[in-house]
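Novice: Compute the structure for the input listed below.
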Amino acid sequence: MTDEEFSRIVKYTAVRYGINLYHKKVMVEGRLSNYLAANGFKSYTEYMDRVEADYTGQEAQNLINILTTNHTYFMREPEHFEFFKNVILPELKEREKTGIDLRIWSAAASSGQEPYTIAMILKDFLGPEYNAWETSVLATDISRKVLDSAVNGIYSAEQINTLPVWWRNSYFVPLPDGMYQVKKELRQQVVFRQFNLMNPLPFKKKMHVIFLRNVMIYFDETTKRKLVQRLYEFLEPGGYLIIGSTENIDRSAVPLVYVRPSIFRKE
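Specialist: Model prediction:
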């Protein structure tokens, strides 16, 4: 991969997806080299010509599937879920009791562990009142490949062994091949959509909680500031933004109130 070819890929992913790959040439070449060889491309230039000429968007989707890391697992950063259950939900239940509507967005859903965890917490928290509330969780990701996996909600025994026994017994069914699938009634509570965070937010109503964890590490500071500003505008007053524990935001750009590490509130 020449420097010119690498720069072309970096510019394309930055403009289209906001992803900053400037210092990741080894990773980019390593992930793309096998794909190019398997599909008969003689150079990265030839490949990018195909990506930019493919108006169906399929080749661009293949590119982003290859380059983005979708490493996640159940109960990742559990302190966020504890705060959501013990602080945020009691606040929202009291504040929204006339509308009985909770709008929660998992903005980097990956293979589904985060939004399904949110859905299980909601079901447990609301208990007998659950069916009276509108609690669908919106789950989006840029990768169609991981979303297809998330919709199916199939995980190995190893993947779900970090969950409480009550959840494993109540919300999963064993499959003949030794895998486990999220029960249909819970899968129906999560709405999966492919979405590029660089695009205008399509919501008709503002969100009460936005989980955007471990995504902004791929963005430069300008892109992060612009994204957080747009998220702020689509948060309800009193709503929460939860980011990854290793991430940070420029609070001078938006008047979000610091609650605790990686959790912010809109006044």
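Novice: so where do the helices sit in the stretch 151-267 of the chain?
Specialist: For the stretch 151-267 of the chain, the helices defined by DSSP state H, counting those that start in this stretch cover 157-160, 165-171, 184-187, 221-233.
Novice: residues of the last one that come out buried?
Specialist: Of the residues in helix 221-233, those buried by neighbour count under the rule 16 or more other Cβ atoms under 10 Å are 223, 224, 225, 227, 228, 231, 232. In this view, the C-beta of every residue, glycine as well, is placed from N, C-alpha and C.
Novice: same thing with stretch 193-204?
Specialist: Buried-residue list, stretch 193-204, by 16+ other Cβ under 10 Å: 195, 197, 198.
Novice: rewinding a little: could you redo the buried residues of helix 221-233 as JSON lines and give each row distance to residue 79 and pLDDT?
Specialist: Rendered in JSON lines, the data for the buried residues of helix 221-233 read as follows (distance: Cβ to Cβ, whole Å; pLDDT from 0 to 100):
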{"residue": "223", "distance to residue 79": "26", "pLDDT": "87"}
{"residue": "224", "distance to residue 79": "22", "pLDDT": "88"}
{"residue": "225", "distance to residue 79": "25", "pLDDT": "89"}
{"residue": "227", "distance to residue 79": "23", "pLDDT": "91"}
{"residue": "228", "distance to residue 79": "21", "pLDDT": "92"}
{"residue": "231", "distance to residue 79": "21", "pLDDT": "93"}
{"residue": "232", "distance to residue 79": "23", "pLDDT": "93"}
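Novice: so which of those comes closest to residue 169?
Specialist: residue 231 (35.9 Å; Cβ to Cβ).
Novice: Spit out the contact partners of that closest one.
Specialist: By Cβ atoms under 8 Å, 6 or more residues apart in numbering, the contact list for residue 231 reads 107, 201, 210, 212, 241.
Novice: what do you get if the cut-off is 6 Å, keeping everything else the same?
Specialist: Counting by Cβ atoms under 6 Å, 6 or more residues apart in numbering, residue 231 makes contact with residue 210.
Novice: thinking again about what came up before, can you lay out the helices of the stretch 151-267 of the chain as CSV showing distance to residue 91?
Specialist: Output for the helices of the stretch 151-267 of the chain, formatted as CSV (distance: least, Cβ to Cβ, whole Å):
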stretch, distance to residue 91
helix 157-160, 29
helix 165-171, 23
helix 184-187, 24
helix 221-233, 18
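Novice: Among the ones you listed, which comes closest to residue 55?
Specialist: Closest to residue 55 of these is helix 221-233 (Cβ to Cβ; 25.4 Å).
Novice: how many other residues sit next to residue 22?
Specialist: 13 (other Cβ atoms under 10 Å).
Novice: For it, which non-adjacent residue is closest in space?
Specialist: The spatial neighbour of residue 22 that comes closest, neighbours along the chain excluded (Cβ to Cβ, 6 or more residues apart in numbering), is residue 10 at 5.6 Å.
Novice: Ok, residue 134 next?
Specialist: Here the residue nearest residue 134, using Cβ to Cβ, 6+ apart, is residue 101, at 4.6 Å.
Novice: Pull up the per-residue confidence for that neighbour.
Specialist: Predicted confidence (pLDDT) for residue 101: 88.
Novice: How much space separates it from residue 168?
Specialist: To residue 168, residue 101 is 29 Å away according to Cβ to Cβ, to the nearest Å.
Novice: Out of the buried residues of helix 221-233, which comes closest to residue 146?
Specialist: For the buried residues of helix 221-233, the minimum distance to residue 146 (Cβ to Cβ) is 19.9 Å, reached by residue 227.
Novice: quick one: low-confidence ranges for the protein?
Specialist: Counting by pLDDT under 70, the chain shows low-confidence ranges at 69-73.
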